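J.: Next one to model:
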Amino acid sequence: MEITDDFIAAYQANYGVGESTQQTEQQSASTTQQSQQQQKKAKKDLKPGEKRKANEPEWFDVDEGKNTNVYVSGLPTDITDEEFQEMMQKCGIIMEDTETGRPKFKLYRDQEGQLKGDARCCYLKKESVDLALQILDNYELRGHTIHVEPAKFQLKGTYNPALKKKKKKQKKQKNMQERLLDWRPERKEPLRPKNERVMIIRNMFHPKDFEEDPLVLNEISDDLKSECEKFGIVKKVLIFDRHPDGVASVAFKEAEMADAALAALNNRWFGGRQLNVALWDGVTDYQIQETDREREERLKKWEEFLDQGADIKKGETTETKTSKTTTAGSSSTSGESDRGKTEG
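T.: Okay, the predicted model is just below:
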C-alpha cells in the first residue's frame, strides 16, 4: 500500500493524532532533551568527591507493570483487620512483610486513632490487582459500597540514598515470595524436643535374670514393644541389661505417643516388679560398659549355656532312638507270637 498525504490524514483522523498532538510530542521530546543536557552539565560541574544534590519531594507513580498495591475506600469504620484480610484474599495472595511476617496491608486512621474507612493492600502478583478491580470495585460490604483503584504514592521528605533497599532485603523478599507461591504445605517445626519422644522404664528386670537365661532379654524386648505399640508407632526399643536399675527405653515417633504410654505404664506391675516410667531428659546415658573380666565371664557363661542346650538336645535324640528301638523289638516279638499261633 502506498503511503500518501491522504492516507496520513485519514490515519490521524481515525486515531486522534492531529497537529496539536504532534506539537505536544515535539515539545515533550524537546523538554526531555533539555533536561538530559542539564543533567549532563550538572554532572560535569561536580568537583571530585562531591555528591549530586538530592531531588526535591514530589509525587510519583509506580510502574504499572510492577505496582501490586490497591487503594480501597468506602469501608465501614468498624471493619477489623481479619475482615479486611479475608475480603482481599479473594483476589489473590497478600504480600507478607519481610520484617514482621504479617500480611502487608494497612487500615488508615485519623489523628485520634479512629478508622477513616480507607485502606491499602499489597498483593504478591500484579494479576491480583486486576482481579480486585473487577471483583471488589463497587462491592457491597455490610451496606457500604467500596471502591478499589491502583494505589498512588508520594515521596515524603527529601530523598535519602541510605534508605534505598539493600540487596539483602531484596533477596529476603524474593525468598518470601517463593515461599508464598510454593504449593507444598508449610512444615511445622517441632514444638517439643526430640528427647521427649523417648520413654525410660526402670525396675523392669534385674541383670542376674539374664545370667540364668540370656534369651529372656529378647522376650522382655518383644513384650515391651508389643505393649507400647498400643499407644503409637514404636521406632526403637533398647534393653540396658547391665544397668542395676533394670532400665529399658522406648522411642516413639511423636512425643504425644510417649505421653500416653507413660500415663498407662507408670506404677504398673510387670513380672512381679512395679515399673517407674518417665520421659528421657536427653542427657543421661544408661549404657554401662563392661570390663574385660566381665566380658570373659559373660562369654564363658554363654558357652556353657550353649553346651547345656546341646547336651539336652543330644539327650532327647538318644531317648528318641531308644524308644524307636524298643518299639521295633516289641513289634518283632509280637509278630513271632502271632505266627506261632497260626501254625498251631
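
J.: Poorly predicted segments of this structure, please.
T.: The model of the chain has pLDDT under 70 over residues 1-65, 154-190, 298, 302, 305, 309-344.

J.: the helices in the protein, which residues?
T.: 5-15, 19-45, 81-88, 126-135, 167-181, 209-212, 216-228, 255-265, 292-343 (DSSP state H).

J.: Give the burial count for residue 209, as a bare number.
T.: Neighbours of residue 209 under the rule other CB atoms under 10 Å: 16. The C-beta positions use only the backbone N, C-alpha and C, and glycine is treated the same way.

J.: try the one 10 residues further on
T.: For residue 219, the count of nearby residues is 11 (other CB under 10 Å).

J.: show me what contacts it?
T.: If you count contacts by CB atoms under 8 Å, 6 or more residues apart in numbering, residue 219 has none.

J.: now swap in residue 301 and tell me
T.: Neighbours of residue 301 in contact, by CB under 8 Å, 6+ apart: residue 211.

J.: switch to 10 Å and redo it
T.: With contact set as CB atoms under 10 Å, 6 or more residues apart in numbering, residue 301 has these partners: 210, 211, 212, 214.

J.: could you check the distance from the closest residue in space to residue 227 that isn't next to it in sequence over to residue 221?
T.: For residue 227, ignoring the flanking residues on the chain, the nearest one in space by CB to CB, 6 or more residues apart in numbering is residue 265 at 7.4 Å. According to CB to CB, to the nearest Å, residue 265 stands 15 Å off from residue 221.

J.: Between the two, which is the more surrounded one?
T.: residue 265 (20 against 16).

J.: my guess is residue 89 meets residue 128, correct?
T.: Yes. Look at residue 89 against residue 128 with CB atoms under 10 Å: they come within range, at 9.4 Å.

J.: hey, what's in contact with both of these two?
T.: residue 121.

J.: who has more neighbours, those two?
T.: residue 128 (22 against 14).

J.: ok now do the more buried one, which residues does it touch?
T.: Residue 128 neighbours (CB under 10 Å, 6+ apart): 68, 70, 88, 89, 90, 91, 92, 93, 94, 95, 121, 122.

J.: Can I get the residues you listed in CSV including distance to residue 228?
T.: Converted to CSV, the contacts of residue 128 look like this (distance: CB to CB, whole Å):
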residue, distance to residue 228
68, 53
70, 56
88, 49
89, 44
90, 48
91, 51
92, 48
93, 44
94, 46
95, 47
121, 52
122, 51
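
J.: Filter those residues down to the buried ones and hand me the PyMOL line.
T.: Applying 16 or more other CB atoms under 10 Å to those, the buried members can be selected in PyMOL as follows:
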select buried, resi 68+70+88+91+92+94+95+121+122
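
J.: Just give me the closest of the contacts of residue 301 to residue 254.
T.: residue 210 (31.4 Å; CB to CB).

J.: hang on, the earlier thing: which ChimeraX command selects the buried ones in the contacts of residue 301?
T.: To isolate the buried ones among the contacts of residue 301 in ChimeraX, judged by 16+ other CB under 10 Å, type:
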select :210
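
J.: could the contacts of residue 301 be laid out in CSV, adding distance to residue 104?
T.: Converted to CSV, the contacts of residue 301 look like this (distance: CB to CB, whole Å):
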residue, distance to residue 104
210, 65
211, 70
212, 72
214, 66
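
J.: Out of the contacts of residue 301, the closest to residue 280 would be?
T.: residue 210 (22.8 Å).

J.: Outline the domain layout of the protein.
T.: Domains of the chain are assigned by automatic domain parsing as 59-159, 194-279.
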